[in-house]
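Novice: Got a predicted structure plus its sequence, pasted below:
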Amino acid sequence: MRPGVLITGGAKRIGHGLSHYFAQKGYDIALHYNSSADAAQALQKEINALGVSCQLFGHDLCDIGGIAPLLEKVHKAMPGCVGLINNASVFERGELMVTDEALFDRQMTVNLKAPFFLSQQFARYFKGSVVNILDSDIVQNNISHFAYLLSKKSLGDFTQMAARALGPDVRVNAVCPGCILPSIENDTSYEEKMEAIIPLHSHPGVLEVAEAVYWLMQQQHITGQVIFVDGGKHVL
Ligand SMILES: NC(=O)c1ccc[n+]([C@@H]2O[C@H](COP(=O)([O-])OP(=O)(O)OC[C@H]3O[C@@H](n4cnc5c(N)ncnc54)[C@H](OP(=O)(O)O)[C@@H]3O)[C@@H](O)[C@H]2O)c1
């Protein structure tokens, strides 16, 4: 049986790159999406053409109660699943004093609560490895996206605690991307400014994020580890 991997938010951008990379490595893909049904179907065709299976799972991760049934479906469809990549995320601007409850809840639900329960349910059904996608800013205190960054810092702590709680059957690690793709709200000027000041003077790409995630999934004796894929941005 081929190994499988569940990738949340797997239809577009970094998630698309992860789905494609793992398919090329011979994994069956359980591709989770929310609003990007068309992109998910197009990617499913591309992945099937690589000779592996790609099954689609639509779900709004704000619906936390639907996560247990989602994992049950994944288990039925792909019993050989050995990996979960918590990639889906929302990234909304808002300093502390303008963050209302709705914004706070959206960030915390999609970026922290959903990965928490996805990991819990993954560990009920499968053995293998969880990789959480964080953000290289977790070691700094940028306040422009206050609730977003708080959710990612907390997911970093969850990574360590879950690594302890879920061993020996499930390893839990994380990757912290730096500037990989411009966010929808930004033009490319932020990336250009950062490129001039980060130690390596160039940003990694989606492929390097996928390579780090893949490497962590292969290591049988590494858990609770965090890899920064950011051109050195986290040491600024
Ligand atoms: N882009 C970067 O340079 C960068 C930098 C640092 C960290 N990261 C992290 O890397 C990961 C991927 O980044 P990205 O820029 O590719 O992410 P993104 O485009 O902002 O979001 C990825 C996916 O999350 C899914 N999503 C959002 N809300 C959802 C919900 N309520 N329910 C289910 N799925 C939901 C969306 O799926 P649908 O499209 O199907 O709705 C979306 O395609 C994220 O965790 C992000 O925080 C990225």
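Specialist: Alright, I've got the coordinates. Everything numeric in this text was worked out from a predicted model, so none of it was measured.
Novice: Quick one: residues in contact with the helix or strand of the chain with the lowest mean pLDDT.
Specialist: Using mean pLDDT, DSSP states H and E, helix 189-197 stands out as the lowest-scoring helix or strand of the chain, at a mean of 91. Residues outside helix 189-197 that contact it (CB atoms under 8 Å, 6 or more residues apart in numbering): 178-179, 182, 201-203, 231, 233, 236. To be clear about C-beta, it is placed using only N, CA and C from the backbone, and glycine gets the same treatment.
Novice: show me the contacts for the spatially closest residue to residue 58 that is not a sequence neighbour.
Specialist: With CB to CB, 6 or more residues apart in numbering as the measure, residue 33 is the residue that lies nearest to residue 58, at 5.8 Å, once sequence neighbours are left out. Taking CB under 8 Å, 6+ apart, we find residue 33 in contact with 9-11, 39-40, 56-58.
Novice: Just the ones of the residues you listed in helices?
Specialist: Among the contacts of residue 33, DSSP state H puts 39-40 in helices.
Novice: Give me the distance between the two termini of stretch 97-106.
Specialist: With CA to CA, to the nearest Å applied, stretch 97-106 spans 17 Å between its terminal residues.
Novice: What residues of it count as buried?
Specialist: 99, 103-104, 106 (16 or more other CB atoms under 10 Å).
Novice: Could you do stretch 210-230 as well?
Specialist: Buried-residue list, stretch 210-230, by 16+ other CB under 10 Å: 210-214, 216-217, 223, 225-230.
Novice: how about the residues of this structure near the ligand?
Specialist: 9, 11-15, 33-36, 60-62, 87-91, 110, 133, 135, 177, 179-181 (CB under 6 Å from any ligand atom).
Novice: So which of these are in helices?
Specialist: Short answer: the residues of the chain next to the ligand in helices (DSSP H) are 13-15.
Novice: need those in a markdown table with pLDDT, can you?
Specialist: Below are those laid out as a markdown table (pLDDT from 0 to 100):
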| residue | pLDDT |
| --- | --- |
| 13 | 98 |
| 14 | 98 |
| 15 | 99 |
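Novice: Select only the buried ones of those residues in ChimeraX?
Specialist: In ChimeraX, this line selects whichever of these come out buried by 16+ other CB under 10 Å:
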select :13,14,15
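Novice: For the ones in helices among the residues of the chain next to the ligand, give me CSV that also has distance to residue 71.
Specialist: As requested, these are exported to CSV (distance: CB to CB, whole Å):
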residue, distance to residue 71
13, 24
14, 22
15, 18
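Novice: wait, which of the ones in helices among the residues of the chain next to the ligand is closest to residue 166?
Specialist: Closest approach to residue 166 among these (CB to CB): residue 15, at 22.9 Å.
Novice: show me the contacts for residue 7.
Specialist: Residue 7 makes contacts with 15, 18-19, 22, 29-32, 85, 87, as judged by CB under 8 Å, 6+ apart.
Novice: List phi and psi for it.
Specialist: The phi and psi torsions at residue 7 (degrees, to the nearest 10) take the values phi -120, psi 120.
Novice: same check, this time on residue 5
Specialist: phi -140, psi 140.
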